[in-house]
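**Student:** Return a 3D structure for these sequence lines:
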Amino acid sequence: MAEKERKGGGEASKESAAPAAKKAKGKLLVIIGVALTLLLGGGGAAAYFMLGKKTHDVTQVEEEEETTAEGKQEAKDKADAKGEKTATRKGKKKRRDGPPVFVELDMFTANLRDDESDRFIQVKLVAEVRDTPAGEMLKTMMPAVRNEVLLVLGSKEAKDVATRGGKERLAGEIVAAANKSLEGTPAANGVEGVNFTHIIVQ
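**Tutor:** The predicted structure is shown next:
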């Protein structure tokens, strides 16, 4: 009978141990599930942030490069436009409100600076001035203007005025000489150009 009681007690302990084992096993599964969820969630989040940031960085770099390229192109376009405007300003005279004002100058004759032979230049000029008051002042200052123009002509050699380019350079120097004579007057820089109506080099 004691043996039966021992058997009965052993079976009871086995039965009580079975639910405890099931509980422990269930807890273990829950812990493993939670750990896996955390690992997968954490890994996914890490991958999202790492890969997402990398993609964001690449996109940002590409956008910065595009912005820089656009900025360079815009600066180049502005520089080209500025260059075109400068060329236009140099190539064309300022637009006037009214018709040009011309002042006819006397004939100029001067010896050229050629060493080989005595050569001279004879020119007749018409000055283009800013306005009528500038033209009147140019006439008033004519002795000083003649002096400056003759000095310019006497500094040239025949080869200096043999070509179109040489004559254009001479015209520019004559304009500068005439304006030098007008310095300090209300017509300062009033001469804007000169036109040759007669030119002989002998």
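
**Student:** can you list the domain ranges for the chain.
**Tutor:** Structural domains assigned to the chain are 1-92, 101-201, following automatic domain parsing.

**Student:** lowest-confidence stretch among those domains?
**Tutor:** Mean pLDDT is lowest for domain 1-92 out of the domains of the chain, coming in at a mean of 57.

**Student:** measure the closest residue to residue 154 other than its chain neighbours to residue 140 for me?
**Tutor:** Leaving aside its sequence neighbours, residue 154 sits nearest to residue 110 (C-beta to C-beta, 6 or more residues apart in numbering; 4.6 Å). Where you see a C-beta, it was placed from the backbone N, CA and C, and this is true even at glycine. Here residue 110 is placed at a distance of 23 Å from residue 140 (C-beta to C-beta, to the nearest Å).

**Student:** So for the two, which sits in the more crowded spot?
**Tutor:** residue 110 (17 against 13; other C-beta atoms under 10 Å).

**Student:** Adjacent strands (with direction) for the one helix or strand that one maps to?
**Tutor:** Here residue 110, judged by DSSP states H and E, is contained in strand 101-111. Using DSSP bridges, the strands paired with strand 101-111 in its sheet are strand 120-129 (antiparallel).

**Student:** Pull out the buried positions in whichever strand or helix holds residue 145.
**Tutor:** Secondary structure from DSSP H and E places residue 145 in helix 142-154. If you call a residue buried by 16 or more other C-beta atoms under 10 Å, then helix 142-154 has these buried ones: 145-146, 148-149, 152-153.

**Student:** Run through who's touching it.
**Tutor:** By C-beta atoms under 8 Å, 6 or more residues apart in numbering, the residues outside helix 142-154 that reach it are 105-106, 108, 110-113, 121, 123, 125, 138, 170, 173-174, 177-178, 180-182.

**Student:** Swap in 7 Å and give it another go.
**Tutor:** 106, 108, 110-111, 113, 121, 138, 173-174, 177-178, 180-181 (C-beta atoms under 7 Å, 6 or more residues apart in numbering).

**Student:** following it, which helix or strand comes up?
**Tutor:** According to DSSP H and E, the helix or strand after helix 142-154 is helix 164-181.

**Student:** wait, what's in contact with the nearest residue to residue 170 once chain neighbours are set aside?
**Tutor:** With sequence-adjacent residues excluded and distances taken as C-beta to C-beta, 6+ apart, residue 170 is closest to residue 161, at 5.5 Å. Residues in contact with residue 161 (C-beta under 7 Å, 6+ apart) are 121, 167, 170, 201.

**Student:** Please work out which residues outside stretch 102-119 touch it.
**Tutor:** So stretch 102-119 is contacted by 120-129, 135, 138-139, 146, 149-150, 153-158, 201-202 (C-beta under 7 Å, 6+ apart).
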